[in-house]
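Novice: return a 3D structure for these sequence lines:
(4 chains)
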Amino acid sequence: MRFLVKKLVSFIATIFIVSLLIFFIFNILPGSPAQAILGVDADEQQVKLLEEELGLNEPLHLRYIHWIIGIAQGDLGVSYKYGQPVAEVLKDRIPISFSLAVIALILTVVIGIPLGILIAKTDGKWSSIILSMITQLGISTPSFWLGFILIMVFAVKFGLFPTYGFIPWSENLGEALKSVFLPSLAIAVGNIAIVIRYLKNSILDQTKEDYVRTAIVKGLGANEIMYNHVLRNALLPVLTVLGLITADTLGGSIIIENVFALPGLGSLLVTSIESRDFPLIQSLILIISLIIILANFTVDLLYKVIDPRIRV
Amino acid sequence: MLEPIIEVKNLTKTYKAAQKKFRQKTSYIHAVKNINFQVLPGESFGIVGESGSGKSTIAHLIMGINKVTEGEIIFRGRNIAQLSRGGEREICRNLQIVFQDPYSSLNPKKSIEWTLTEPLIIHSIGTKASRKEKVIEVLEEVGLGESYLKKKPHELSGGQRQRIAIASALILEPEVIVIDEGVSALDVSIQASILNLLNELKEKHKLTYIFISHDLNVVQYFCDKIAVVYLGDLIELFQTEEFHQEEHAEYTKKLFNAIPDVSFTSRTS
Amino acid sequence: MAKLMLEVNNLNVSIKVKQKVYPALEDITFKVNENQVVGVVGESGSGKSLTAQSILGILPANTEVTGSIKLENDELINKSSKAWQKLRSNEVSLIFQEPMTALNPLMKVGKQISEVLRKHTNYSNNECYRKTIDILKEVGLKRPESIYHSYTHELSGGMRQRIVIAIALVNNPKLIIADEPTTALDVTIQAQIIDLLKDIMKKRNGAMLFISHDWGVISQVCDYVLVMYAGKIVEQGPMENLISNPQHPYTKGLLKAIPDFKKRGEALYSIPLRVPALTERRKGNWPYIEITEENKQVVADIFPEILQRETKE
Amino acid sequence: MQRKSITLYIGAVLVSILFLMMIVSFFWTPYGPNEMNTKIALQAPSWTYPFGTDNFGRDIFSRILEGSKTAFLVGITSIMIALTFGFIIGGIAGYFGGIVDEVLMRIIDSILAIPGILFAIMLVSVFNTGMQNTILALGIMGIPTFARVIRSGFMQVKEFDFVKSSKVKGAGSFRIIFKHILPNIFSQIIVASTLFFSGAILAESGLSYLGLGVQPPDPSWGRMLSEAQAYMTNAPWYIGITGIFIVLLVLGFNMLGDGLRDLKEKRN
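Specialist: Now for the predicted structure:
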């Protein structure tokens, strides 16, 4: 119970700090958003008018409070560019980014964990050296460039997947999956490599622990030791990494959506920066951050499930 | 009657305990409570106890490494309990400590010469040349020579490192040295040589030792007085010589009876 | 005549470091009988633990072994890993030094014990549970049912060491190796564990190899003792004789170095040689000390063997 | 054991080669990196143009050489920013501990919840695009990472007996930090810097690809990729070769960092 309360407090504190940070970066740094929207040629009168319209003439702390209360009520402000509520603009785009991220995460876990175990088992042999070079390569490849390569090979050359665009899930399940598969894979490859490396190192570290020697002396076989003893212990640090990877996946999707011309949150973010649509940018960044904080919170709770030592 | 060189009065150290339940009142854990003792000049004063007894806490409090919660530590007639070490150069010089782990008590990146010169630089003692002379002198005193000046800690064995740690405590010519499990990590033969060294140095420099240990054999051999601590309390204090004549507290008896004796007779009894 | 359990003959272990081979154990020969506790004592680097690892077949990969280790006439050297799995905990088991780390923190204590039975016997779940509870009782744990469902972090150091002992005993091995089983414990807990081990050995007529650097503990537990230095047995003999009348100067030196009440006021003896590191050793050159004119006398005082070596040459 | 040195070796070789390329580009490039000639647009690699030409007929090899300057400049300067502030924040938190540490780390951890690239995008959207602002954004992005590494280093070393021993001998905070703690966490800082370098290059290329990073006429590999995207099918070498250089540089620093870390662990 205490654990939950503590984590909940820290969860809320993190949200508070992040929201404050985002707000202040957008609001106390020099330059008036109204000026930015209207361009340098606009006269003072126009700027003043727009500022009033946008509520920019209120004191800073009130604006923050209004913003936060608004968000809590689902009111994310009004987009300068689209002239409609931000929530409205986001509605159609969230499912796209969400599908992308979820499929990328699934790929990461489903491919990364078995491969990590496999490589740990073959440690020291040449095959494992080569595999570890490949994971290095995976980590070092920019996901958007990998996206291009995937398009060139699988979409253009073999025509297995569409080159760009999103087909809604409601229209055709198979086609929808096809349309997000390549971008998800492009994001996942680097993360798969990270999971493999972490899990491998974590398994090898655990193998040196005394309790593994105990298990050997008990007369257990290599597989029993791996699956009954080592793996659970080795997965603990990987869990933390999965939290970080969730953040990375969402970050990666911002760029990848532009490569595959997917109308998700990421491509919206880039166009709103170009048009200096501050309410939209501010809310978008907050929403993405909130998802990640929530993911980290979930990881914390999972820890509690897996590790009996956590009672704090 | 000799004046005590160190007198500890009602020494107490508490830590804030982690709250067990939400909205519970903050409770405090006593690391040590109401400890009283006097150490006479030239004495080897032993403090023994099992893990968690607070024996090391006492050492750290005397050295000013941890802050005293309550009570007094009187050194040469002055209460030093609340003094910060940085400000009180004289006390720094006069009270030194040797730690248990010879592997972590020397900075791995620095040469022996650097480590031994550092205290002299901090206290602005001597010139460059005279410092080097002093360092060599101390090295020889602990049974090592000039050839060790340029070595790094990883080139030395556990026993040699412990000698360097003693040298670095010695170089400021202190009156009191606290030895916090200083021989516990060593093999018996090396332990013997370090104990001999400590006794020689004591004789030569008129040192006073506060000797913290869990090893009862070592304490019985080395110390003039023994203080037994258990769960933060000082259970008993006695002269080592009189150990076999006196009546002792229950815990003391239990503790000392638990020592496995190296004579065959005790086994059959 | 007591039954012979373990017979080690001319055991040599060498360790390969950076393509070079160094001797870690040389010519180890000793026996352990049924109902006997054999102690192994020595400084760090003497090869005590390596001896234990050889008997359990858990030496690191960069080692080479020659000689013979027979457990009830069954040769252990060069056994396959499948055969080793059958042997461990059935025939020979190990009590570790560090109770804090020797147990899996994420598995319930009961499961860690019953796992051994599940692997090596055909007991039903129920029988495994009952046997586990029995062994928990035998190692002196009260409320075994609630201990069964505990995790290690919920237990004290002494309790954990009892669990480690229970794991070693649960399958009735013929030989138990105890590797510094009390070193990490406080002195009062140590006394309890020593009593427990003595009790169990008496009850079970088992054989035990007991490794320790602490002469006090060794003298409490063992019937027979091996003294090791730099990978070789310097002296061995029945406990009584060895302590009251040690033959080898090195053994004498070690015993003289132990501080106690009676030696107050006099300087302790300290052996003026240190155990050479593995990479300083050359095969056939034991005790691996470079002999010069100056140190010859000192070395010969402790290791008279070197004089014989010279006359042989 | 050997394998670890292989990683270090390959990393060092890759980084040195690319570093040399960068130095060379100051004195010599085969063609002017901005020399346009639409007659020879989108030529495939040949002896005259080893990496081919782009849509304006510019020599891709020359532009890649020129772009390596940006990559190293962005990497090195953003590390300097991140390291300086990370050291101050992490050092204060780690050295003093207690409430100061808790507050600082709470903030640092919260910032770390925002993905690095998103944080950089946020800063760039406020600062505006361009080389300087990109560097500034990436530098700020790295502060939390360095603060964490340095804090944990401080915490670790602070507990060693040699630090207590020096305190007992009267050493002040300045001496403790710069003579005792810093030399012992130096290798950790080097490893973190090497790994951050590759992160910064990836982030820069991502930002520039989105048009939010380095702006023309400053050369940038990421920018080149976004130009190449349109000619993906008829000039695949343009996108391929440019990307490979990003991969090589990032790979070099990653392997160097990992190799150094393994070396350090081996020594302990």
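
Novice: and the residue of chain A closest to chain D?
Specialist: Across chain A, the shortest distance to chain D (CB to the nearest CB) belongs to residue A:251, at 3.0 Å. All C-beta atoms are positioned from the backbone trio N, CA, C, and that covers glycine.

Novice: what pLDDT is listed against the residue most central in space within chain B?
Specialist: Of all residues in chain B, the one closest to the mean position by CA atoms, centre = their mean is residue B:179, 2.2 Å from it. Residue B:179 carries a pLDDT value of 94.

Novice: for it, name its beta-bridge partners.
Specialist: With DSSP bridges applied, residue B:179 shows beta-bridge pairing to residue B:98, residue B:211.

Novice: so how far is chain C from it?
Specialist: With distances taken as CB to the nearest CB, to the nearest Å, residue B:179 is found 14 Å from chain C.

Novice: now do residue D:127
Specialist: To chain C, residue D:127 is 47 Å away according to CB to the nearest CB.

Novice: surely that residue and residue D:137 touch.
Specialist: Yes: assessed by CB atoms under 8 Å, residue D:127 is found in contact with residue D:137 at 6.4 Å.

Novice: helix or strand next in line after the helix-or-strand element of chain A with minimal mean pLDDT, which one?
Specialist: Every helix and strand in chain A was compared by mean pLDDT, DSSP states H and E; the lowest is helix A:33-38, with a mean of 65. The helix or strand immediately downstream of helix A:33-38 is helix A:44-54, counting by DSSP states H and E.

Novice: other SSEs contacting that next one?
Specialist: helix A:33-38 (3 or more CB pairs under 8 Å, 6 or more residues apart in numbering or on different chains; DSSP states H and E).

Novice: next SSE downstream of whichever helix or strand residue A:195 is part of?
Specialist: Using DSSP H and E, the element containing residue A:195 is helix A:173-207. Downstream of helix A:173-207, the first helix or strand assigned by DSSP H and E is helix A:210-217.

Novice: what residues does that next one touch?
Specialist: A:206, A:224-225, A:228-230, C:56, C:58, C:88-89, C:93-94, C:96, C:98, C:101-105, C:112, C:164, C:167-168 (CB atoms under 8 Å, 6 or more residues apart in numbering or on different chains).

Novice: now it: mean pLDDT?
Specialist: 93.

Novice: how about stretch C:272-288?
Specialist: Averaging pLDDT along stretch C:272-288 gives 84.

Novice: how about that stretch: buried residues?
Specialist: C:273-276, C:278, C:281, C:285-288 (16 or more other CB atoms under 10 Å in any protein chain shown).

Novice: which of those residues lies closest to chain D?
Specialist: For the buried residues of stretch C:272-288, the residue nearest chain D by CB to the nearest CB is residue C:278; the value is 16.3 Å.

Novice: nearest spatial neighbour of that closest one, chain-adjacent residues omitted?
Specialist: Spatial nearest neighbour of residue C:278, chain neighbours left out: residue C:22 (4.9 Å); criterion: CB to CB, 6 or more residues apart in numbering or on different chains.

Novice: does the one you found count as helix, strand or coil?
Specialist: Of the three states, residue C:22 takes strand under DSSP: H, G, I helix; E, B strand; the rest coil.

Novice: looking at strand pairing, list the partners for it.
Specialist: Bridge pairing for residue C:22 - DSSP bridges - gives residue C:15.

Novice: mind listing the strands for the stretch 1-150 of chain C?
Specialist: Secondary structure of the stretch 1-150 of chain C by DSSP state E, counting those that start in this stretch: the strands cover C:4-17, C:20-33, C:37-42, C:63-71, C:74-75, C:92-95.

Novice: say whether chain A is contacted by stretch C:160-174.
Specialist: Yes: Stretch C:160-174 comes into contact with chain A (CB under 8 Å from any CB of the partner chain), by way of C:164, C:167-168.

Novice: TSV please, covering those and showing neighbour count, secondary structure and pLDDT.
Specialist: Shown next, in TSV, are those (neighbours: other CB atoms under 10 Å in any protein chain shown; DSSP: H, G, I helix; E, B strand; the rest coil; pLDDT from 0 to 100):
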residue	neighbour count	secondary structure	pLDDT
C:164	27	helix	95
C:167	29	helix	95
C:168	28	helix	94
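
Novice: relative to residue D:19, how far out is the residue nearest to residue C:278?
Specialist: Per CB to CB, to the nearest Å, residue C:22 is found 41 Å from residue D:19.

Novice: settle it for me: which of those two has more neighbours?
Specialist: residue C:22 (17 against 14; other CB atoms under 10 Å in any protein chain shown).

Novice: quick one: low-confidence ranges for chain B?
Specialist: Within chain B, the stretches with pLDDT under 70 are B:1, B:17-27, B:84-89, B:263-269.

Novice: residue C:153 contacts residue A:308, doesn't it?
Specialist: Yes: in this structure, residue C:153 is within contact of residue A:308 by CB under 8 Å, at 7.2 Å.

Novice: between the two, what contacts are shared?
Specialist: Common neighbours of residue C:153 and residue A:308 (CB under 8 Å, 6+ apart) are residue C:105.

Novice: shaky segments in the chain?
Specialist: Here I'm looking at chain A. Using pLDDT under 70, chain A drops low at A:1, A:28-42, A:53-56, A:125, A:311-312.

Novice: wait, I meant chain C there
Specialist: For chain C, the stretches with pLDDT under 70 are C:1, C:309-313.

Novice: what number of residues lie near the nearest residue to residue A:162 once chain neighbours are set aside?
Specialist: Spatial nearest neighbour of residue A:162, excluding adjacent residues (CB to CB, 6+ apart): residue A:179 at 5.3 Å. By the measure other CB under 10 Å, the count of residues near residue A:179 is 25.

Novice: so what's residue 134 up against?
Specialist: Picking chain A for this. By CB under 8 Å, 6+ apart, the neighbours of residue A:134 are residue A:193.

Novice: buried sites along the strand or helix carrying it?
Specialist: Assessed by DSSP H and E, residue A:134 sits inside helix A:126-140. Within helix A:126-140, the residues scored as buried using 16+ other CB under 10 Å are A:128-129, A:131-133, A:135-140.

Novice: before we move on, what about stretch B:103-123?
Specialist: Residues of stretch B:103-123 classed as buried: B:103-107, B:109-123 (neighbour count, 16+ other CB under 10 Å).

Novice: near chain D, which of those residues show up?
Specialist: Restricting these to those near chain D by CB under 8 Å from any CB leaves B:104-107, B:109-110, B:115, B:118-119, B:122-123.

Novice: for those, which one is nearest chain A?
Specialist: Each of those was checked against chain A using CB to the nearest CB; the closest is residue B:104, at 21.0 Å.

Novice: next, the contact list for that closest one, please.
Specialist: D:160-162.

Novice: just curious, which of those residues is nearest to chain A?
Specialist: Closest approach between the contacts of residue B:104 and chain A, by CB to the nearest CB: residue D:160, at 22.3 Å.

Novice: nearest residue to the closest one in space, please, no chain neighbours.
Specialist: What sits nearest to residue D:160 in space, not counting adjacent residues and going by CB to CB, 6+ apart, is residue B:104, at 4.7 Å.

Novice: report the central residue of chain D.
Specialist: Judging by CA atoms, centre = their mean, chain D has its centre closest to residue D:197, at 2.0 Å.

Novice: measure that residue to chain A for me?
Specialist: Residue D:197 is 12 Å from chain A, where distance means CB to the nearest CB.

Novice: need the phi and psi values for that residue.
Specialist: phi -50, psi -50 (degrees, to the nearest 10).

Novice: right, and it touches residue D:79 too?
Specialist: Yes: with contacts counted by CB under 8 Å, residue D:197 reaches residue D:79, the gap being 6.1 Å.
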